[in-house]
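*Asks:* Next one to model:
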Amino acid sequence: MFEGFSTHDVAVEGATIHARVGGHGPALLLLHGHPQTHAMWHRVAEGLSMRFTVVVADLRGYGDSSRPEAGPQSAAYSKRVMARDMVQLMAHLGFARFLLGAHDRGARVAHRLALDHPECVEKLMLLDIAPTLDMYAGTDEDFARAYWHWFFLVQPAPMPERLIEADPRAYVREVMGRRHAGLAPFAPAAMAEYERCIAIAGTAAAICGDYRASAGIDLDHDRDDRDAGNKLTMPLRVMWGADGVVHRCFDVLELWQAQATEVSGALAGCGHYLAEEDPAAVLAQMHDFFRSEKNA
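*Replies:* Residues are numbered from 1 along each chain as shown. Below you'll find the model as predicted:
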């Protein structure tokens, strides 16, 4: 995977971020979801690298990035801090301004990055999420049963950590395999990476920190922005799966239109893991949305 991409381990404030870089053209940062790593982009990165300088990064707490202590309120895994990581990573690589595409947890980081650092983001694409605040506010039995891990991971330490650490491979397969397509969409090499990284010491505590922050300090930050009338000002495209829980439980486009000034949307004929279930559709959308007259 990622043949021809260079590997980087970059020290940022409070963490070290692992990333791969390949291609030529405008910078495009791609962020992964839970419980995955940057490997989730392996079916689209090469195609994108023909037109863009593609940066695929592991979020703090995931993959081969470091796993700092969560601290009070799990603030070290707030999306504000995780977003700052990526701004500092891109600055280290020489990119003060970039395109940004992200899935799942990475899309929540990207949303915060675009709110806190709008000068850095030229365009933003989010895959298969609705705004975090709206998803919690709109939780019903259907959503809670499907997204059980949201409510499991926020339980007080050390219960969820202990259960994950007892069989981390099983945890990955349960979370990913219960979705629409089961485990069929995942390449063996990618699945091996997800299983290797979930077993690294400290990962369970880190992912719990990520979700505890999302159910606490992140909601405070989101409420502050809404109270202040802050919205995303760069072009936003949202893409979600027709067979996914987010589509079933939320009006994705309407919710994002309330949070941004320029929004377009696309429905994919797959489930949650768009870049692995339907990479051709993701590639087409990204090429269409991110291209400019200079790189058309």
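*Asks:* Leaving out sequence neighbours, find the closest residue to the most centrally placed residue in the chain.
*Replies:* In the chain, the C-alpha nearest the mean C-alpha coordinate belongs to Gly106, at 1.5 Å (CA atoms, centre = their mean). Using CB to CB, 6 or more residues apart in numbering and skipping residues adjacent in sequence, the residue nearest Gly106 is Leu31, 2.9 Å away. C-beta: built from backbone N, CA, C; applies to glycine.
*Asks:* And for Leu48?
*Replies:* Nearest to Leu48 is Val54, by CB to CB, 6+ apart, at 5.0 Å.
*Asks:* Spit out the contact partners of that neighbour.
*Replies:* 5, 21-23, 28, 30, 41, 45, 48 (CB atoms under 8 Å, 6 or more residues apart in numbering).
*Asks:* Give me the subset of those lying in strands.
*Replies:* Judged by DSSP state E, the subset of the contacts of Val54 located in strands is 21-23, 28, 30.
*Asks:* Tell me the most packed of these, by neighbour count.
*Replies:* Using other CB atoms under 10 Å as the neighbour test, the ones in strands among the contacts of Val54 are led by Leu30, with 28 neighbours.
*Asks:* so what does the stretch of helix or strand Val87 belongs to touch, helix or strand wise?
*Replies:* Secondary structure from DSSP states H and E places Val87 in helix 79-92. Applying 3 or more CB pairs under 8 Å, 6 or more residues apart in numbering; DSSP states H and E, one finds that helix 79-92 contacts strand 6-12, strand 15-23, strand 27-31, strand 53-57, helix 104-116, helix 203-214, helix 217-228.
*Asks:* who wins for proximity to Leu183 among those?
*Replies:* Leu183 lies closest to helix 104-116 among the helices and strands packed on helix 79-92, at 16.6 Å (CB to CB).
*Asks:* What's the mean pLDDT across the closest one?
*Replies:* Averaged across helix 104-116, pLDDT comes to 98.
*Asks:* That one vs strand 27-31, what angle?
*Replies:* 130 degrees (axes from the mean of the first three to the mean of the last three CA atoms, to 10 degrees).
*Asks:* Grab the nearest non-local neighbour of His149.
*Replies:* Val175 (5.5 Å).
*Asks:* Check Ser6 too.
*Replies:* The spatial neighbour of Ser6 that comes closest, neighbours along the chain excluded (CB to CB, 6+ apart), is Val21 at 5.2 Å.
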